[in-house]
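Engineer: what's the 3D shape of this:
(chains A and B)
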Amino acid sequence: MTNSVLYEAPGPVAKRRGLVVSVVVGALLLALLAWVLVTLGTNGQLTVDKWGPLIDPTNGTFTALWSLLGAGLGNTLLAAVLAMALSLAIGTLLAVSRVVAAPWYRWAVVGLVELLRGVPVVIAVFFASRVLPSFGLDMPVMWYLVIGLTAYNSVIIAEIVRAGIMSLPRGQSEAAYAIGLRRSQVLRTVVLPQAFRAMLPALISQLVVIVKDTSLGFIISYVDLVRQGQIVIQNLNNPIQTYFVIGVVFVLINYALSRAAVFTERRLSQGRKGGLTAPSAVETGRAV
Amino acid sequence: MHVITDNLPLYLNGLLRTLQICLYAGVLAMVLGTVIAAFRVAPLPPLRATGTSWVTVFRNCPLTVVLFFMAFGLPELGLNGSYFWFGTIGLALYTSAFVCEAIRSGINAVPPGQAEAARAIGLGFGQTLGLVVLPQAVRTVVPPLGNVIIAMIKNSAIVGAFGVGGDLFAVGDTLTSARGEAVLPVLIGVVLGYLVITIPAGLLLGVLERKVAIAR
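Structural biologist: Numbers count the residues shown, from 1 in each chain, chains lettered A, B, ... in the order given. I've put the predicted structure just below:
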């Protein structure tokens, strides 16, 4: 009962009616599912040829197929982790420089943040692979993906970290200055550690976005999970089945990350009752 | 920069095509997202379960995979349509999950007293939600909903990357691959195209936000 405020606690009549309607709706949903399965079946999409290699470990090509997909998944996660680490580093630098900078320089940072936020990630990735080589920067294709993802996500993370810094009570840095710390020390030892702590859930949520966006590597032929899936499809001619399995893999990874973010948020808010306020960090950090 | 001025008609067409994708996908995603949000707070468990799984799937699955499924999976079932519609519907399905979450957060932000008062005068679930809670929720969700729509505009570039043809991304691709123009000026043109849409959209949102804001 998530939103029980919206309806009365059911009485005996409403309970019975609710049960009937629930059963009817449930049956309709099951019928829909059955219809989908029948449609799949009549179109020859439920055959062992198409599903077996993906889900049956005793199938002859199962091992080869999953080592292919596994390598792709490894590349996907590698690109995601690299992009996250780089975005975190650059984003923190941007956030700190925006907080401490002289006004003229702050304008430059704000401008950069606003500009990069408006550029679609796919454009950033695509053009990283076109622009950088034209400047003589030839590198493995993975780095174009990582650079494209970093360009976008570092400014998002900069905003998250800045929100974290802003959420700290002024007294924290005032006290640190009062005991004679220099500005860099205040930032490094007092402000940033607490800001990161407050923003940890939002940062984990951003990781979900990055993992999803690594799939854009297919545009520049990065050998990620989606790309390996295309190879599978070329050989087995089973797009529905393969994309279904790839979708499940992504959903599982990202769902686990989302749960981790919610769990972290709950732990943090337990740890400091009535203290810092970063209430819906998970939601605010959640880009599309 | 002459690339941009020389190909201005091409860019403008791309802009229109992108706007077209966004308009259809946006309307569809709003309708679908509102329905799913109503499912998620409904008294019936099967509806809630449907809503929750819908959101879980589309929020955690990359748009790329959704689009691949639409583009290569559906034709296997004998559903052949123009890729424009597959792409637009895929984008709408993906965005609807985020619209749903934005609206649900708005429903949760409406003070419980409102729903309690509605129930006290004898309104049922549908009336409570439709007449009392949702109209107030929609006002508070203008900012998050706007962010979702702006993100969708940017995501429409992914639909373009699948070869819908003619949108801003495709213009950039054509100019750099087929005609071999210098990459950087073309890129600047494409980015300007998106900014021309997203910046006014952001400003419009600010205005709308102030207009519908309710003092609590």
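Engineer: residue contacts, residue 56?
Structural biologist: Went with chain A since none was named. A:Asp56 sits next to A:48, A:62 when contact means CB atoms under 8 Å, 6 or more residues apart in numbering or on different chains. All C-beta spots, glycine's among them, are computed from the backbone N, C-alpha and C.
Engineer: not quite, I wanted chain B
Structural biologist: A:251, A:255.
Engineer: hmm, 10 Å instead?
Structural biologist: With contact set as CB atoms under 10 Å, 6 or more residues apart in numbering or on different chains, B:Thr56 has these partners: A:251, A:254-255, A:258, B:97.
Engineer: and those residues as CSV, adding pLDDT?
Structural biologist: Output for the contacts of B:Thr56, formatted as CSV (pLDDT from 0 to 100):
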residue, pLDDT
A:Val251, 90
A:Asn254, 89
A:Tyr255, 89
A:Ser258, 86
B:Ala97, 91
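Engineer: Looking at residue 2 now. What's its pLDDT?
Structural biologist: I went with chain A, as the question did not name one. Note for A:Thr2: predicted pLDDT of 44.
Engineer: ah, no, chain B please
Structural biologist: At B:His2, pLDDT is 70.
Engineer: ok, now which ones touch the residue of the stretch 51-200 of chain A found nearest chain B?
Structural biologist: Distances between the stretch 51-200 of chain A and chain B by CB to the nearest CB are smallest at A:Pro120, namely 3.9 Å. Residues near A:Pro120 by CB under 10 Å, 6+ apart: A:126, A:152, A:216, B:151, B:153-158, B:160-161, B:168-169, B:190-191, B:194, B:198.
Engineer: In CSV, list the C-alpha atoms belonging to the helix or strand hosting A:Lys50.
Structural biologist: Assessed by DSSP states H and E, A:Lys50 sits inside helix A:48-55. Only the C-alpha atoms of helix A:48-55 are listed here, as CSV (Å, rounded to 0.1, in the frame of the first residue of the first chain):
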residue,chain,number,x,y,z
VAL,A,48,15.3,-24.0,-30.0
ASP,A,49,17.4,-22.8,-32.9
LYS,A,50,16.8,-19.2,-31.8
TRP,A,51,16.7,-19.5,-28.0
GLY,A,52,18.9,-22.5,-27.3
PRO,A,53,22.3,-20.9,-27.8
LEU,A,54,21.4,-18.1,-25.5
ILE,A,55,19.8,-19.9,-22.6
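Engineer: Return the set of buried residues in that helix.
Structural biologist: A:50-54 (16 or more other CB atoms under 10 Å in any protein chain shown).
Engineer: Could you do stretch A:60-68 as well?
Structural biologist: Applying 16+ other CB under 10 Å to stretch A:60-68 flags A:65-66, A:68 as buried.
Engineer: tell me which residues in the longest helix belonging to chain B are buried?
Structural biologist: Longest helix of chain B, by residue count under DSSP state H: helix B:8-40. Buried residues in helix B:8-40, counted by 16+ other CB under 10 Å: B:10-11, B:13-15, B:17-22, B:24-26, B:28-30, B:32-40.
Engineer: what do you get for stretch B:112-128?
Structural biologist: B:115, B:118-119, B:123, B:125, B:128.
Engineer: The contacts of A:Pro120 in helices, which ones?
Structural biologist: A:126, A:152, B:151, B:153-158, B:160-161, B:168-169, B:190-191, B:194, B:198.
Engineer: Hmm, A:Asn254 and A:Val248 touching each other?
Structural biologist: No. In this structure A:Val248 lies outside contact range of A:Asn254 using CB atoms under 10 Å: 11.0 Å.
Engineer: between the two, which one's more packed in?
Structural biologist: A:Asn254 (21 against 13; other CB atoms under 10 Å in any protein chain shown).
Engineer: tell me the contacts of the more buried one?
Structural biologist: A:Asn254 makes contact with A:205, A:207-209, A:211-212, B:56, B:59-62 under the criterion CB under 10 Å, 6+ apart.
Engineer: same deal with B:Leu145?
Structural biologist: Each residue near B:Leu145 by CB under 10 Å, 6+ apart is listed here: B:30, B:33, B:98-99, B:102-103, B:105-106, B:138, B:205, B:208.
Engineer: Hmm, A:Ser167 is touching A:Gln194, no?
Structural biologist: Yes. Counting by CB under 10 Å, A:Ser167 does reach A:Gln194; the two are 8.8 Å apart.
Engineer: Mind jotting down where the strands sit in chain B?
Structural biologist: Per DSSP state E, chain B carries no strands over any range.
Engineer: Helix or strand with the lowest mean pLDDT in it?
Structural biologist: Lowest by mean pLDDT, DSSP states H and E among the helices and strands of chain B is helix B:2-6, with a mean of 71.
Engineer: Grab the nearest non-local neighbour of B:Ile4.
Structural biologist: B:Gly189 (4.1 Å; CB to CB, 6 or more residues apart in numbering or on different chains).
Engineer: and that neighbour, what is it in contact with?
Structural biologist: If you count contacts by CB under 10 Å, 6+ apart, then B:Gly189 has B:1, B:3-5, B:7-8, B:10-11, B:14, B:168, B:171-172, B:175, B:181 around it.
Engineer: same question, B:Pro46
Structural biologist: Per CB under 10 Å, 6+ apart, neighbours of B:Pro46: A:21-30, B:39.
Engineer: surely A:Ala9 meets A:Gly18?
Structural biologist: No. Using CB under 10 Å as the test, A:Ala9 is too far from A:Gly18 to be in contact (11.0 Å).
Engineer: what sits in contact with each of the two?
Structural biologist: B:Pro43.
Engineer: So for these two, which sits in the more crowded spot?
Structural biologist: Neighbour count, other CB under 10 Å: between A:Ala9 and A:Gly18, A:Gly18 has more, with 15 against 9.
Engineer: Does that one touch B:Pro45 like I think?
Structural biologist: Yes. Shown here, A:Gly18 and B:Pro45 form a contact pair, counting by CB under 10 Å, at 8.8 Å.
Engineer: circling back to that earlier point, from the chain's centroid, how far away is the least confident helix or strand of chain B?
Structural biologist: 31 Å (CA atoms, centre = their mean, to the nearest Å).
Engineer: Show me what it is packed up against.
Structural biologist: On a contact count with 3 or more CB pairs under 10 Å, 6 or more residues apart in numbering or on different chains; DSSP states H and E, helix B:2-6 meets helix B:8-40, helix B:183-212.
Engineer: does chain A sit close to the first one?
Structural biologist: Yes. For helix B:8-40, a contact with chain A is found by CB under 10 Å from any CB of the partner chain, at B:38, B:40.
Engineer: residues in contact with A:Met166?
Structural biologist: A:Met166 neighbours (CB under 10 Å, 6+ apart): A:95, A:99, A:195, A:198, A:278.
Engineer: Greatest separation within these: which pair is it?
Structural biologist: Greatest spatial distance in the contacts of A:Met166: A:Val99 and A:Ala278, 16.4 Å, computed using CB to CB.
Engineer: Give the residues shared as contacts by A:Val248 and A:Asn254.
Structural biologist: Residues touching both A:Val248 and A:Asn254 by CB under 10 Å, 6+ apart: B:Cys61.
Engineer: where are the low-confidence patches of chain B?
Structural biologist: Applying pLDDT under 70 to chain B flags residues B:1, B:3, B:164-165, B:180, B:214-216.
Engineer: Surely A:Val232 touches A:Ala71?
Structural biologist: No. A:Val232 lies out of contact with A:Ala71 (CB under 10 Å); the separation is 11.9 Å.
Engineer: So those two - more neighbours on which side?
Structural biologist: Using other CB under 10 Å as the criterion, A:Val232 and A:Ala71 rank with A:Val232 on top: 25 against 14.
Engineer: From B:Phe72, how far off is the more buried one?
Structural biologist: Distance, A:Val232 to B:Phe72, using CB to CB, to the nearest Å: 12 Å.
Engineer: Report the set of residues contacting both of those two.
Structural biologist: With CB under 10 Å, 6+ apart as the test, A:Val232 and B:Phe72 both reach A:239, A:242-243.
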